[in-house]
Structure formats: C-alpha cells, structure tokens
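**Q** when you get a sec, could you give me coordinates for this:
(one chain, ligands or ions: 2)
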Amino acid sequence: MKDAITELTRIVQEVSLVSTPVDQVKVIVDQISESLGSDVCSLYRIEADGSLVLLATHGLEANRPVQIPAGKGLVGQVVKLRHILNLANGLRHPEYFHVKDVLEESFKSFCGVPLVSNGAVIGVLVVQSRRAKALSEKQAAFLSTLAAHIALIVQHLPSALGVKSAADVRLLGVPASPGISMGQVRVCQKLNLADLKLRQRALEPDSEKRWQALLNRVGAELEAEQKTLGELASSEIANMFDAYKMLLFDPILGERVKTAMVEGYDLPSALKLAIQHFAELFQKMDDDYLRARHEDVWHLGNKLYQSYVAQSQQAGTVAIRPDAEADDIILLGRDISVSDVANISPCALRGIVCVEGSRLSHTSILANALGIPAVMGVQGALSADDGDHIIVDGGEGSVIIKPSAPVAREYQSLIDKARMFESELSRFKDSPAVTRSGTRIQLMTNSGLLADITPGLKVGAEGVGLFRTEIPFLMSETFPSEEAQASLYAKVLKRFEGKPVYMRTLDIGGDKQLPYFRIAGEDNPALGWRGIRFSLDNVQLLMTQLRAMLKAAQGQDNLHVLIPMVSAKDELVQFRQILHDAYSQLLEEGLAVSWPKVGVMIEVPAAISQIPFWREELDFVSIGSNDLSQYLLAVDRTNARVAKRYDHVHPAVIHEVERAVIAAQKANLPLCVCGEMASDPVSVMLLLAMGVTKLSMSSSRLPRVKLLITNLSDELAKDFLDEVRSMDNALAIRSRGLALIAQHQLDQLPEAETK
Ligand code: PEP
Ligand code: MG
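**A** Ligands and ions are numbered 1, 2, ... in the order given. This next block holds a predicted model:
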C-alpha cells in the first residue's frame with residue numbers, strides 16, 4: 001500500500017469525480033480493493049429494519065440482490081460491536097453466516113469496519129481475501145480512516161440504491177423552499193460554458209461587433225423576462241434581473257472579453273475566460289450569500305453562450321421547451337437560473353430541482369417568493385429524463401424520481417390534504433389569534449427582504465416583529481447609502497401602515513460578515529465585535545442608519561427601533577444619545593420626523609437580570625431565542641456537528657425565558673418573542689403559559705401557529721408549563737408537548753370549520 005494520506009486523498013477525489021450514487025459506490029469498492037490488494041471489497045448499508053443491503057461489491061459474485069438479516073453474520077457482528085473486526089479466517093468464526101447465492105466460501109480473511117454517522121452505525125465496509133491473513137495494523141487503520149469519509153457519502157445515498165428497482169429513486173438535497181409537489185421533469189440541458197474547451201483562432205474583423213450584438217440581444221431577453229416575472233414577484237426579483245444586467249453591461253466584462261479575443265481566443269472562449277474570472281472573485285468571498293452569487297455569474301455566462309450558439313447555428317439551443325400542454329412542470333438541471341424560471345408559465349411551474357446551488361441561491365429566493373417547492377444540491381438528479389414523474393419535497397429536501405404507483409398515491413394524498421388544509425387555514429387570515437380562554441395573541445412576521453413582505457401580509461401578520469436590516473447590507477456591494485436605506489425602510493413601514501414594525505439596527509459580526517468590511521482576527525467571533533458593539537464603534541454607520549429609519553418613518557407612527565446584542569446599560573445610554581443626535585439633525589434640516597419607540601433584544605443571557613435597571617431607557621423588549629439558546633447552552637447555532645444539542649426547549653432555556661418574561665412584566669415593558677421559539681408549537685404553548693402575548697415568526701409558519709392558539713386553552717398551557725418546570729431534558733419536554741398537541745388535536749381545524 002502506498003502512503004496512506006496520498007491514497008486517502010486520491011480515493012476520496014476519485015469518488016467525488018463521479019456524479020451518480022451508483023457509480024460512486026462502485027468506485028469506492030474498486031479503489032479500496034486495488035489499494036489494499038484484497039480480493040473482495042463490499043459496501044453494506046443498514047435498512048430501516050436493521051437488515052444489511054449489499055450496495056456494491058468488487059469481487060463477490062451474487063446471483064440476486066443480497067440482504068443480510070439484522071444482527072446476522074460477521075457483518076451483523078461489526079454493527080453490534082461498533083468497532084473493527086479483523087480476522088485471519090472469518091469462516092471459522094462462530095458468527096459466520098452463509099448468505100445464500102453468494103459465492104464467498106473461498107475468501108478466508110475478513111475485515112469489517114463500521115460506517116458511523118451522528119453516533120449511529122449506518123453501514124459496514126468489508127474487505128476479504130483468499131489468503132487466511134488478517135490486515136496489518138497499518139492497513140486496518142487506513143480502512144478505518146477511509147470508513148469515516150465513506151460514511152459521509154453513504155448517509156446521502158438514495159434509499160432505493162441496492163434494491164434492484166427502477167422506481168422510487170429517492171435522492172436527498174438541501175431544503176430550499178418548502179412544500180410538496182409532483183409533476184413531470186423538464187431537464188434544462190443547456191449548453192454549459194464551463195464545459196467549453198478553449199479555442200484560439202485568428203482575430204475575426206467583426207468580432208467586436210458580434211460581441212456588442214450579443215450583449216444587446218441578451219440584454220433585450222433579460223428585459224422581456226423581467227417583465228414577465230416582475231408583475232408576479234416582488235421588487236426583490238426585479239433586483240436580481242438588475243444585477244444580471246449590471247454585470248452584462250459592466251465595462252470590465254466587455255474589456256476582458258475583447259482583450260482575450262485580441263490574444264487570439266474565439267468569442268465563446270474569451271467569454272468563458274471573463275466569466276471564470278468574475279465567478280472566481282465571488283467564490284473567494286467569505287460571506288455565504290455573496291459566495292452564492294458566483295452561480296449568477298455562470299448563469300449569465302451560459303445565457304450569453306447559448307444565445308451566441310443559437311444565433312450562429314440559426315437554431316434554438318435553450319433546452320427549456322415551453323410545452324403548451326403541460327401544467328405540472330418540475331424544472332430540473334445542474335443549475336437553474338432566474339431566466340429559466342421566467343421561461344415557464346408560473347401556473348405550470350410546480351417545482352425546482354438543482355444539482356448545484358444552495359439555500360441562499362437566487363433560485364431558492366425566487367422559489368420561496370413564488371411559493372414553489374425547491375430542493376438544491378441534489379447529487380444524482382440528472383439521472384431523471386424529460387417527462388419522468390418526480391416528487392419534490394422542499395421541506396424535507398428530497399426528491400423521488402419515477403415514484404411507484406403506491407408512493408405517488410401516498411404523496412398525492414399528502415398534497416391534497418396540505419392544499420385543503422392551507423385553503424381552510426387561509427379563511428382565518430383576518431381573524432385574530434385568540435385562545436379558547438379568550439387571550440388575544442398578536443402574531444407578526446420576521447423579515448429582511450422585500451420579497452418576504454407580501455407573504456407576511458397575505459397570511460394576515462399584524463406587524464413585522466423583526467426586520468433584520470443586515471440582509472440588505474449583505475446584499476449590497478458597499479454600505480448602503482442613507483437614501484437607499486430610507487427608501488427600503490419606507491416601503492416596509494408603508495406596507496404595514498398602522499401596524500408595528502420592529503426594525504433592528506445592523507446586527508453583523510459572528511457568522512454574518514460583510515464582504516466589504518470584514519471583521520478579522522477574532523478567535524471567538526460569536527463573542528466578539530457583534531451587533532450594538534460594532535455599531536457603537538462605527539458611529540458613522542449607526543448615524544446613517546438611524547437617520548434613514550427616522551426619515552422613512554415620517555408621517556407614520558409604526559417605527560420601533562430594536563437594538564441587537566445589548567449586554568450593558570452604557571450601550572443603551574450611548575445608543576439613545578446617538579438616536580437623539582440623528583433626530584435633532586433631521587428636525588434642524590426641516591424634516592417632520594418623530595421620536596420612535598426603542599427596545600432591546602434579550603439575547604445575551606446577561607440582559608435578563610438587567611431588565612429592571614434598563615427600564616427607564618426602554619419602550620419594549622424582544623426575546624431573541626436563537627442567540628439566547630446559543631449562549632445559554634454554549635452551542636454554536638450554525639455548527640451541524642453540535643446541532644442535536646441545540647434546542648430552545650432545553651429546560652435551562654425555558655427557565656431563563658420565563659425569568660425574562662417575569663422581569664419584563666414587573667417592569668411593565670411590552671415583550672415579544674422573535675426567535676424560532678415563537679413558531680415551534682411546543683415552545684409556543686410554554687410562552688403563552690408564561691403570559692407572552694406577542695410572537696413574531698416567518699410568514700410560512702404563522703397560519704399553523706394561529707391554529708394552535710385558537711385550539712389551546714390557557715389552562716392546558718399552564719398545566720404543561722407546570723409539568724415542564726420539573727423536567728430535566730429537552731427530549732422529554734418536546735415529546736410531552738407533542739403528545740398534548742396530538743391528544744387535544746391542537747393542530748386540527750375545529751370541527752365547525754371543516755366541511
Ligand atoms: C435571535 O437571536 O433569536 C434572533 C431573532 O436574531 P437572529 O436570528 O437574527 O440572530
Ligand atoms: Mg440574534
């Protein structure tokens with residue numbers, strides 16, 4: 001065996017080069033046998049019933065699909081032991097189990113290592129050889145290390161792999177836009193600029209003219225697509241098209257293309273070089289949102305390339321074929337651009353599935369704004385063909401290609417039920433949220449994008465309980481100007497006229513980094529220069545933001561300024577002084593501004609005990625349960641490795657939230673909860689029992705929370721809170737809460753309301 005690290009890297013890389021899961025598992029077993037010089041390498045995965053299915057093998061001959069019963073044989077033994085089993089002669093082991101139809105009697109040595117994910121064994125990797133000789137210590141260590149990498153791949157494999165059936169291929173990706181839909185695949189087999197081989201040729205005399213014509217043509221196409229979508233979607237979508245157009249007509253793009261053509265590249269190659277340059281710039285950015293923008297750069301490049309080829313061949317090559325008949329289209333492709341979506345009638349578009357992309361892709365944002373289920377990052381999705389039936393579950397992040405009749409029926413009934421349920425729920429849109437006992441709860445929406453505003457209004461939100469202003473800051477290329485901020489804030493305040501809008505000042509730092517103002521050199525960013533700490537030290541930014549908010553609120557009385565990450569009174573005092581200065585300046589400038597309400601986020605645990613001391617400086621408080629849980633539990637809310645330890649119904653969080661609620665009640669301060677706790681049914685019951693009457697959440701969650709409140713009696717909620725006070729773990733609290741919801745049918749439409 002060669003050097004272990006080189007071999008490991010090589011094998012992991014080989015696997016990442018193949019795109020379908022079936023090929024990936026085959027590459028794994030072939031490469032391992034070659035590397036270890038073993039006769040056999042096999043990969044088994046545990047099914048729901050505990051049996052082990054052979055996913056792939058190098059060297060074993062099996063006449064039929066192999067499935068080993070739970071706990072049986074040496075493979076079952078590895079699962080039980082949860083560590084490596086390395087034997088010179090497996091045939092002599094008491095647990096040896098002969099699998100019918102598999103010719104393995106000639107293989108004596110056996111080494112099995114468990115594949116573990118999230119603390120549970122999910123499969124077994126086995127190597128066998130004819131010679132009765134166990135693996136050397138070095139080889140066994142190599143196999144164990146490799147198994148840790150392989151487990152990451154196996155956990156994402158489609159569940160149907162290994163079972164010889166063409167139907168029900170289930171693939172997992174990233175949930176990007178919620179909802180379930182079913183339809184027929186439209187594959188976007190677009191020409192891909194990234195695949196183009198660079199070509200050089202003598203500079204053609206009209207190449208610059210052709211480039212200009214191409215720019216104008218694509219510019220006009222974008223204009224037309226923007227018009228189609230513009231009326232349907234919010235100005236957020238229009239902004240995406242503006243961004244495409246800005247890049248399209250960016251002189252630097254043109255210069256790069258022309259220079260490459262002068263250097264001897266033909267037009268498509270020159271285009272590829274220029275697009276590659278821009279995409280790399282974005283890809284190097286640390287901020288997730290901006291990094292995701294490299295997809296947009298490639299979308300634009302592909303659009304230009306396709307238009308160029310179509311023109312030169314006098315034939316359309318854009319693969320989306322508008323089909324007048326189909327009204328259930330699921331767009332599927334390596335990447336899908338906003339323009340692709342614009343080419344399909346919105347009434348016909350049922351879902352989006354991409355091999356690439358992230359939750360923050362513009363395609364995801366668009367899907368959310370249009371209310372269409374979407375899943376991104378689905379490896380293996382391109383195994384689907386045009387016209388294949390497909391199910392998209394945007395909430396779970398899964399797709400099922402060619403569902404069998406029973407599976408399709410099952411999902412159809414889920415879709416029908418959800419549709420009926422949503423339409424029933426929408427009837428409550430304008431009715432207030434009142435518990436059975438008559439307690440009135442104010443339900444508001446969390447936002448940060450104009451795209452979120454319309455859905456909030458549609459579900460009857462009674463205000464914006466949290467407007468995260470950092471989102472427009474993250475989407476901008478520089479600090480947004482006072483005018484740009486004022487214009488955005490004014491739109492939000494106006495759309496919610498007469499209803500409160502809690503506008504939070506810039507909350508960057510920690511995991512939210514501005515690419516044009518990076519906060520570097522912090523070992524513990526979550527405990528560093530965040531929220532109000534950053535704003536007070538950059539008073540010029542805070543001044544601009546507060547001036548923009550006050551200007552935007554002229555003529556309205558709904559602005560509530562919310563301060564993030566406050567931990568000490570002097571921050572509050574300093575903040576109020578700056579607000580006062582901004583207010584006085586604007587009055588002096590002759591503007592009719594009014595003094596807003598001022599409140600703090602209770603998200604640093606220290607804030608809880610300080611509420612009484614801050615009373616005089618405040619008009620309200622808002623519990624940010626996301627950060628409060630993170631800091632109380634010392635669990636990074638963005639770290640997937642510790643995600644299972646992060647739960648806002650942890651008894652310590654419940655205890656501290658109640659302490660904050662009591663302190664606010666005593667200080668006579670209105671209190672809202674705007675973290676995820678406000679939309680989780682179990683915690684909603686507890687919050688109501690504590691006396692919380694204002695909740696703010698994402699608009700998609702609001703109707704169901706309203707339903708729960710309508711079905712809940714104050715007594716039931718209080719009894720639950722009493723029980724919880726003597727419980728010592730989140731799991732027990734959660735299961736008790738869910739049991740109560742089921743037992744009292746708190747998530748069901750009231751009898752009288754159903755037909
Ligand atoms: C919170 O911390 O609960 C909160 C609502 O703020 P954010 O999620 O933006 O940090
Ligand atoms: Mg927070």
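**Q** pick out the residue of the stretch 251-400 of the chain closest to ligand 2.
**A** Across the stretch 251-400 of the chain, no residue is closer to ligand 2 than D288, which sits at 16.6 Å (C-beta to the ion). Yep, even glycine has a C-beta here, placed from its N, CA and C like the rest.
**Q** other SSEs contacting the lengthiest helix in the chain?
**A** Longest helix in the chain by number of residues (criterion: DSSP state H): helix 207-230. Packed against helix 207-230, as judged by 3 or more C-beta pairs under 8 Å, 6 or more residues apart in numbering; DSSP states H and E, are the following elements: helix 235-248, helix 251-262, helix 267-283, helix 294-313, helix 338-342.
**Q** ok, and which of those has the densest surroundings?
**A** Most buried of these, by mean neighbour count (mean count of other C-beta atoms under 10 Å): helix 338-342, with a mean of 24.
**Q** please name the strands paired to whichever helix or strand comes after it in the sheet, noting orientation.
**A** For helix 338-342, the following helix or strand on the C-terminal side (DSSP states H and E) is strand 349-354. Under the criterion DSSP bridges, strand 349-354 sits next to strand 329-333 (parallel), strand 374-376 (parallel) in its sheet.
**Q** for those strands, which one sits closest to S307?
**A** strand 329-333 (17.3 Å; C-beta to C-beta).
**Q** which residues touch the closest one?
**A** 181, 183-190, 320, 323, 340-341, 344, 348-355, 381-382, 384, 390, 392 (C-beta atoms under 8 Å, 6 or more residues apart in numbering).
**Q** now it: buried residues?
**A** For strand 329-333, the neighbour count (16 or more other C-beta atoms under 10 Å) marks I329, I330, L331, L332, G333 as buried.
**Q** ok, and the closest non-adjacent residue to the residue of the stretch 1-150 of the chain found nearest ligand 1?
**A** Residue nearest to ligand 1 within the stretch 1-150 of the chain: N118 (24.4 Å; C-beta to the nearest ligand atom). In space, N118 comes closest to K644 once its chain neighbours are excluded; the distance is 7.2 Å by C-beta to C-beta, 6 or more residues apart in numbering.
**Q** the one you found: neighbouring residues, count only.
**A** Number of residues near K644 (other C-beta atoms under 10 Å) recorded here: 12.
**Q** the contacts of strand 329-333 also near ligand 2: which ones?
**A** By C-beta under 5 Å from the ion, no member of the contacts of strand 329-333 lies near ligand 2.
**Q** what about A678, neighbour count?
**A** Counted with other C-beta under 10 Å, A678 comes out at 29.
**Q** next, it: secondary structure please.
**A** Secondary structure, DSSP: H, G, I helix; E, B strand; the rest coil: A678 is helix.
**Q** hang on, isn't it packed against G624?
**A** No: using C-beta atoms under 8 Å, A678 makes no contact with G624, being 10.2 Å away.
**Q** quick one: residues contacting M697.
**A** With C-beta under 8 Å, 6+ apart, M697 has these contacts: L443, M444, T445, N446, G465, C674, E676, A678, S679, V705.
**Q** do Y96 as well
**A** With C-beta under 8 Å, 6+ apart, Y96 has these contacts: G73, L74, G90.
**Q** change it to 6 Å
**A** The neighbourhood of Y96, defined by C-beta atoms under 6 Å, 6 or more residues apart in numbering, consists of G90.
**Q** so it is in which element?
**A** Counting by DSSP H and E, Y96 is found in no helix or strand.
**Q** thinking again about what came up before, ok, how many other residues are close to the residue of the stretch 251-400 of the chain closest to ligand 2?
**A** Neighbour number of D288 under other C-beta under 10 Å is 15.
**Q** model confidence for it, exactly?
**A** Here the pLDDT value assigned to D288 is 73.
**Q** next one: the one 5 residues further on
**A** According to the predicted model, the pLDDT of R293 comes to 80.
**Q** distance of the residue lying closest to it once chain neighbours are set aside from G254?
**A** Distances taken as C-beta to C-beta, 6+ apart place F282 nearest to R293, at 4.7 Å, with adjacent residues excluded. Counting by C-beta to C-beta, to the nearest Å, the gap from F282 to G254 is 18 Å.
**Q** same question for Y308.
**A** Taking C-beta to C-beta, one finds Y308 at 15 Å from G254.
**Q** my guess is L466 contacts N446. True?
**A** Yes: counting by C-beta atoms under 6 Å, L466 touches N446, with 4.4 Å between them.
**Q** was I right about E617 contacting E571?
**A** No: using C-beta under 6 Å, E617 makes no contact with E571, being 10.0 Å away.
**Q** higher neighbour count, those two?
**A** E571 (20 against 17).
**Q** contacting residues around the more buried one?
**A** With the criterion set at C-beta under 6 Å, 6+ apart, E571 makes contact with I532.
**Q** quick one: pLDDT of it?
**A** 98.
**Q** could you pull up phi and psi at it?
**A** Main-chain torsions, E571, degrees, to the nearest 10: phi -60, psi -40.
**Q** so what touches stretch 415-430?
**A** I180, G460, P703, K706, L749.
**Q** let's see 10 Å
**A** 179-182, 350, 371, 373, 391, 395, 457-461, 702-704, 706-707, 710, 747-750, 753-755 (C-beta atoms under 10 Å, 6 or more residues apart in numbering).
**Q** buried stuff in it?
**A** Quick answer for stretch 415-430 (16+ other C-beta under 10 Å): I415, F421, E424, L425, F428.
**Q** pick the one among the buried residues of strand 329-333 closest to ligand 1.
**A** L331 (30.9 Å).
**Q** before we move on, the earlier item: any chance of the buried residues of strand 329-333 in a markdown table, plus distance to ligand 2 and pLDDT?
**A** As requested, those are exported to a markdown table (distance: C-beta to the ion, whole Å; pLDDT from 0 to 100):
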| residue | distance to ligand 2 | pLDDT |
| --- | --- | --- |
| I329 | 39 | 94 |
| I330 | 36 | 95 |
| L331 | 35 | 94 |
| L332 | 36 | 93 |
| G333 | 36 | 89 |
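**Q** right, and the residue of the stretch 251-400 of the chain closest to ligand 2 touches H294 too?
**A** No: D288 lies out of contact with H294 (C-beta atoms under 10 Å); the separation is 11.6 Å.
**Q** picking that back up, tell me which of the buried residues of stretch 415-430 fall in helices.
**A** I415, F421, E424, L425.
**Q** flag every residue of the chain that's near ligand 2.
**A** E603, G624, D627.
**Q** contacting residues for K494?
**A** V501, A552, A553, G555, Q556, N558.
**Q** quick one: those as CSV, columns for neighbour count, distance to Q545 and secondary structure too.
**A** Output for the contacts of K494, formatted as CSV (neighbours: other C-beta atoms under 10 Å; distance: C-beta to C-beta, whole Å; DSSP: H, G, I helix; E, B strand; the rest coil):
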residue, neighbour count, distance to Q545, secondary structure
V501, 28, 15, strand
A552, 23, 11, helix
A553, 24, 13, coil
G555, 12, 20, coil
Q556, 17, 17, coil
N558, 20, 17, coil
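**Q** what's the most distant pair in these?
**A** V501 and G555 (13.7 Å).
**Q** where does the stretch 51-200 of the chain dip in pLDDT?
**A** The stretch 51-200 of the chain contains residues with pLDDT under 70 at 156, 158-168, 189-190.
**Q** and for the stretch 201-350 of the chain?
**A** In the stretch 201-350 of the chain, residues with pLDDT under 70: 228-237, 313-325.
**Q** still on that earlier bit, which residues do L466 and N446 both contact?
**A** Y502, C674, G675, A678, S696, M697, S698.
**Q** what separates L290 from Y516, distance-wise?
**A** Taken as C-beta to C-beta, the span from L290 to Y516 is 9 Å.
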